[in-house]
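Enquirer: Structure of the sequence below:
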Amino acid sequence: MTGPTPSTGNVFADLGFDDEEASLLAVKSRLLSALASYVGEFDTQAEAADALGVSQPRVSEIANGRLSKFTTDLLIKLCHRAGVGVSVDTDRLAAA
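Expert: So this is what the prediction gives:
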């Protein structure tokens, strides 16, 4: 009997996405999660929409974690509007 497969540290890689897509999805997920926390501070999605300068349906997509509905660029812009700092760390990957 074999034990559980160890995690790579990236849930998207563990789900079978290729390394590039898994990295992009992980970044988008972190940005969207920060925005969802920000949205949760408001009494209504309409108030959050006003604060972010987007429509209420866009806020609903944030609250429901709809990654595919957002580009990384837009998520970064929305984080800026929300006062959420975004930083980038880089590491050289091992040769494939």
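Enquirer: can you give me the helices for this structure?
Expert: Ranges of helices in the chain, per DSSP state H, are 11-14, 19-39, 45-52, 56-63, 72-82.
Enquirer: Pipe those helices into TSV and attach distance to residue 89, mean neighbour count and mean pLDDT per row.
Expert: Every C-beta, even on glycine, is put in place using the N, C-alpha and C of the backbone. Output for the helices of the chain, formatted as TSV (distance: least, Cβ to Cβ, whole Å; neighbours: other Cβ atoms under 10 Å; pLDDT from 0 to 100):
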stretch	distance to residue 89	mean neighbour count	mean pLDDT
helix 11-14	17	16	82
helix 19-39	11	16	93
helix 45-52	25	17	98
helix 56-63	24	18	98
helix 72-82	15	16	97
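Enquirer: Tabulate the ones you listed in CSV, adding columns for distance to residue 92.
Expert: CSV is the format used below for the helices of the chain (distance: least, Cβ to Cβ, whole Å):
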stretch, distance to residue 92
helix 11-14, 18
helix 19-39, 13
helix 45-52, 35
helix 56-63, 33
helix 72-82, 21
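Enquirer: quick one: which of those is nearest residue 4?
Expert: Minimum separation from residue 4 across these (Cβ to Cβ) falls at helix 11-14, 10.9 Å.
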